[in-house]
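> can you look at this prediction? I've put the sequence above it.
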Amino acid sequence: MDFLRPETLAEALELKAQRPDAVPIAGGTDVMVELNYDHRRPSALLDLTRIPELQQWSDGLRVGAGVPYVRIIEELGAELPGLAMAARTVGSPQIRNRGTVGGNLGAASPAGDTHPVLLASDAVIEVASVRGTRMIPAAEFYLGVKRNALEQDELIVAVHLTPAKGPQQFSKVGTRNAMVIAVCSFGISLFPQENRVGAAVGSAAPTPRRASEAEQFLASAVDFGNPRPLLDSVKREFGELVSRAASPIDDVRGSAAYRKHALAVMARRTLGWAWQELMDGERACA
Amino acid sequence: MRVNVTVNGEQRQADDVWEGESLLFVLRERLGLPGSKNACEQGECGSCTVYLDNVPVCACLVAAGQVQDREVRTVEGLADGDRLDPVQEAFVEAGAVQCGFCTPGLVVQAHDLLDRVPNPSDPEIREALAGNLCRCTGYEKILDAVRLAASRR
């Protein structure tokens, strides 16, 4: 095995082009588990932790793929409340000190914690190779169980997100507060000026998935300009449509029926919280 | 490959390191520092917690090559000679140590908490230690130890 240690992004892309089989590693929270357990023996590891471009963010907002969760929580919570909430539910403090959104996207597990938020918030994934840069909307990034739209010579460089234009919420079901892979999860983003809502489910289908019908229903059922308390029937219908967007399976973490039920509950509740924030004229701060 | 790394303030060198090896293996098997414990090897238990550039991480999830030219501080590096760190002392006095396997990781993690939050609330202590498993104590004495250490700083 080779250990490749680029110092710049250009160097990393050059190496990835020469060695498409090299496995990128940043926080190591997925890759090292596979190595420790002998589940994977790549011919090379491509260490991305020395590349300054990946550890930074800029206004706007372009978040480097290598920014660890702890910094998103502590430094980007005001701009990206939904992402910060999801980041808080990842693993433990030690894991959040190392793990990155880039890693979440690279692994593309249907249960990855940040995916529902990225989908609900219209995130765009910036990927690059020596051939150039591609901007991939989150909705087109997840292709299957642990499969994403990345080509063999490409690396995930950044996630582009707009600072929240309205309330955002995230909810996740697991057996305890720390160290759990989601049984199922849900993210919602309100865009009041655009009379629009983003909603997405995690760990409840082969890929993270937008709940488009639920989004459309809610946008047509409420008045963002003059927010009034939501009717229970609206919340319930929204929950039902979110649940219907999922196609979960029975597995060790939970049954399909439970996931369906839990998603409806989470959707109803997070909508209630987000809507309350909108009425209060406040913005959630993670 | 060869890995050069500062460990507990000392420049160290490890040779014949396998490229897929973890920092934990290097510490325990190549540098003679078995304080960090090897249990789950998947970041689940926290017993291998060490500082990497002053940030607590699971050493089992750090690739050896990633620590080249970086700074690692292990549980062995907390005491000042024969004088235990206040967190270590508090663990002993509060009865927070039973079999002792989880202790090094908990001590490092608690040490970091008290550096950042000198007077943590109970929820803050629980949150900080959420990634460290202990199968003996039931955690109550560990919480006592952290409160005791905080009161003495």
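Nice, thanks for sending it over. Residues are numbered from 1 along each chain as shown, chains lettered A, B, ... in the order given.
> what bits of chain A have low per-residue confidence?
Flagging of chain A using pLDDT under 70 yields the residue ranges A:282-286.
> for it, which helix is longest?
helix A:256-280 (DSSP state H).
> what about residue A:23, distance to chain B?
Counting by C-beta to the nearest C-beta, to the nearest Å, the separation of residue A:23 from chain B is 10 Å. Glycine gets a C-beta too; all of them are placed from N, C-alpha and C.
> one step back: now for the longest helix of chain A, which elements pack on it?
strand A:168-173, strand A:184-191, helix A:232-245 (3 or more C-beta pairs under 8 Å, 6 or more residues apart in numbering or on different chains; DSSP states H and E).
> tell me which residues in it are buried?
The neighbour-count check on helix A:256-280 (16 or more other C-beta atoms under 10 Å in any protein chain shown) flags A:259-260, A:262-264, A:266-272, A:274-275, A:277-278 as buried.
> same check, this time on stretch B:22-35
For stretch B:22-35, the neighbour count (16+ other C-beta under 10 Å) marks B:22-28, B:30-31, B:33, B:35 as buried.
> so what's whatever residue of the stretch 51-200 of chain A ends up closest to chain B up against?
Using C-beta to the nearest C-beta, residue A:92 is the residue of the stretch 51-200 of chain A that sits closest to chain B, at 2.2 Å. Residues in contact with residue A:92 (C-beta atoms under 8 Å, 6 or more residues apart in numbering or on different chains) are A:178-179, B:43, B:46, B:130-132.
> close to chain A: what parts of chain B are there?
For chain B, the residues in contact with chain A (C-beta under 8 Å from any C-beta of the partner chain) are B:1, B:18-20, B:22, B:41-44, B:46, B:49, B:55-58, B:60-63, B:65-66, B:68, B:109, B:127-128, B:130-132.
> separate out the buried members of those residues.
B:1, B:19-20, B:22, B:41-44, B:46, B:49, B:56-58, B:60-63, B:65-66, B:68, B:109, B:127-128, B:130-132.
> for residue A:242, grab the count of nearby residues.
Burial of residue A:242 is recorded as 30 neighbouring residues (other C-beta atoms under 10 Å in any protein chain shown).
> hey, where'd the strands end up in the chain?
Using chain A here. Here chain A has its strands, by DSSP state E, at A:2-4, A:23-25, A:44-47, A:57-58, A:62-64, A:124-129, A:132-137, A:142-144, A:147-148, A:155-160, A:168-173, A:184-191, A:196-202, A:209-210.
> to clarify, I was referring to chain B.
Using DSSP E, the strands found in chain B span residues B:3-7, B:10-14, B:49-52, B:55-58, B:71-73.
> could I get these as TSV with distance to residue A:132?
Converted to TSV, the strands of chain B look like this (distance: least, C-beta to C-beta, whole Å):
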stretch	distance to residue A:132
strand B:3-7	35
strand B:10-14	39
strand B:49-52	34
strand B:55-58	34
strand B:71-73	37
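> would you turn these into CSV with mean pLDDT and distance to residue A:215?
Listed next are the strands of chain B as CSV, based on pLDDT from 0 to 100; distance: least, C-beta to C-beta, whole Å:
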stretch, mean pLDDT, distance to residue A:215
strand B:3-7, 98, 50
strand B:10-14, 98, 53
strand B:49-52, 98, 42
strand B:55-58, 98, 38
strand B:71-73, 98, 47
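> of all these, which one is nearest residue A:111?
Smallest distance to residue A:111 across the strands of chain B (C-beta to C-beta): 19.7 Å, for strand B:55-58.
> and the strands of chain A, which is most packed in?
Among the strands of chain A, the stretch with the highest mean neighbour count (mean count of other C-beta atoms under 10 Å in any protein chain shown) is strand A:184-191, at a mean of 29.
> any idea how far residue B:107 is from residue A:101?
Using C-beta to C-beta, to the nearest Å, residue B:107 is found at 31 Å from residue A:101.
> repeat for residue A:238
For residue A:238, the distance to residue A:101 - C-beta to C-beta - is 27 Å.
> neighbour count: these two, which is higher?
residue A:101 (32 against 28).
> residues near residue A:122, how many?
17.
> beta partners of the residue nearest to it when sequence neighbours are not counted?
Distances taken as C-beta to C-beta, 6 or more residues apart in numbering or on different chains place residue A:198 nearest to residue A:122, at 6.3 Å, with adjacent residues excluded. Note on residue A:198: beta-bridge partners by DSSP bridges are residue A:189.
> with residue A:209 instead?
residue A:201.
> so who does it touch?
Residues in contact with residue A:209 (C-beta under 8 Å, 6+ apart) are A:119, A:142, A:200-201, A:245-246.
> cheers, nothing more for now.
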